[in-house]
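**Student:** just coords:
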Ligand code: USQ
């Protein structure tokens, strides 16, 4: 297949490019390096020294029989997007190219509007370009499990059958997201569903949980050349990766609030498998298909306890501290999201257990001198008036 990967320089985009290239697909990666700009705005550095996209692609193309190509540009530039899509003629488009940080989107009015403008308009441009250039393409869009929030009912995969006053319909599942970033993905989903309905496009929206992990089969071929970003900072760092970095620097693990919040998680290797499964199972024309992409869910306290007990086996004695929650989110809540679609299509999940955590700890330990303590602070508060 010819697969266009938008946002192909990122934590997930780059490993996806290598994985699908190794499976024999022609890959074109597009990125505008926006995450790098935000990193420099906040003085953020990733844990591992990640090579430039050019260097990674060159090295990959030396070692592999399938080549990866790349183009630098922005989805907000409609002319650029049309040119890329009309020349490459993809069979599938995987769309990761969005501002991915909830805290960033809550930092100020400017960052909230940037997040929504960048994500929603970029996605809208993509829909128009698909309609114009390749209406049969399979769009695989990265959504987020956080689109649903934590409603007091079971979370279905995208759609829900509703009976109301004696009548019934199948409607998009109601959304109760927790940040302007998560909201941007809600708006994307609504726009894509509409485009599928009116223009007969086809899309898989992957509502993904929090990803953890550092390596994949392709990264392991040559870690220094192919590693992807690892954030532990308060903007891009996600919870498990932060906990592991806190542990190896002998800090306590910062659980926000009372830690009874529940979230869905998956290993980075399972992200790649899910994407591959999506590419191989193409939805019908006009279909807006939603998969909930996570493999297990647990409370933040359970996660912290798991990292602490894995750390104990390696001689660490960090504790869990429950700090005042900088976010506004439900802490005690019902949580039961479904995830049967990807499993029924063949996903065999990697279990988040002590062994997996120990593997990550050992890798992070090698780079612990790069960790900057001041980056751990989760300074961004959801209620700007708290200051
Ligand atoms: N949290 C802590 N301690 C920390 C950091 C976070 O307790 O040091 C808590 C947060 O309050 C939240 C949970 O951990 O309840 C998850 O936070 P996170 O920063 O790991 O993840 P989140 O902001 O939700 O966003 C991440 C990705 C985003 C993706 C999303 C999937 O950055 O791109 O969409 O995970 S999900 O969470 O399912 O919406």
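**Tutor:** Good, I have the coordinates. Values in this document were obtained by computation on a predicted structure and should not be read as measured data.

**Student:** Contact residues of the stretch 1-150 of the chain facing the ligand?
**Tutor:** Neighbours of the ligand within the stretch 1-150 of the chain, by C-beta under 6 Å from any ligand atom: 100, 101, 102, 144, 145, 146. Bear in mind the C-beta positions are built from the backbone N, C-alpha and C, glycine included.

**Student:** Could you do the stretch 151-300 of the chain as well?
**Tutor:** For the stretch 151-300 of the chain, the residues in contact with the ligand (C-beta under 6 Å from any ligand atom) are 182, 208-210, 238-239, 242, 254-256, 261, 263-264, 300.

**Student:** let's go with 8 Å and repeat that
**Tutor:** Listed as neighbours of the ligand in the stretch 151-300 of the chain under the rule C-beta under 8 Å from any ligand atom: 177-179, 181-182, 185, 207-211, 234, 236-240, 242-243, 246, 253-257, 259, 261, 263-264, 294, 300.

**Student:** Show the buried residues in those residues.
**Tutor:** Those of those that meet the buried threshold are 177-179, 181-182, 185, 207-211, 234, 236-240, 242-243, 246, 253-257, 259, 261, 263-264, 294, 300, by 16 or more other C-beta atoms under 10 Å.

**Student:** where in this protein is pLDDT low?
**Tutor:** Low-confidence segments of the chain (pLDDT under 70): 385-387.

**Student:** which residue does it bring closest to the ligand?
**Tutor:** Residue nearest to the ligand within the chain: residue 146 (2.3 Å; C-beta to the nearest ligand atom).

**Student:** So which residues of the stretch 151-300 of the chain form helices?
**Tutor:** Counting by DSSP state H, counting those that start in this stretch, one finds helices in the stretch 151-300 of the chain at the ranges 180-199, 223-226, 239-248, 268-280, 300-313.

**Student:** can you list contacts of the fourth one?
**Tutor:** Surrounding helix 268-280, the residues in contact under the criterion C-beta atoms under 8 Å, 6 or more residues apart in numbering are 1, 3, 11-12, 15-16, 19-20, 23, 25, 92, 94, 138, 140, 204, 206, 208, 211-217, 228, 266, 291, 293, 295, 342, 345-350.

**Student:** One more: the second one?
**Tutor:** The contact list for helix 223-226 (C-beta under 8 Å, 6+ apart) reads 14, 18, 48, 49, 51, 55, 56, 59, 60, 215, 218, 219.

**Student:** For residue 196, state which of those residues is nearest.
**Tutor:** Set against residue 196, the nearest of the contacts of helix 223-226 by C-beta to C-beta is residue 14 (28.3 Å).

**Student:** Count the neighbours of the closest one for me.
**Tutor:** Residue 14: 30 surrounding residues under other C-beta atoms under 10 Å.

**Student:** and what of residue 129?
**Tutor:** Applying other C-beta under 10 Å, we find 22 other residues in the vicinity of residue 129.
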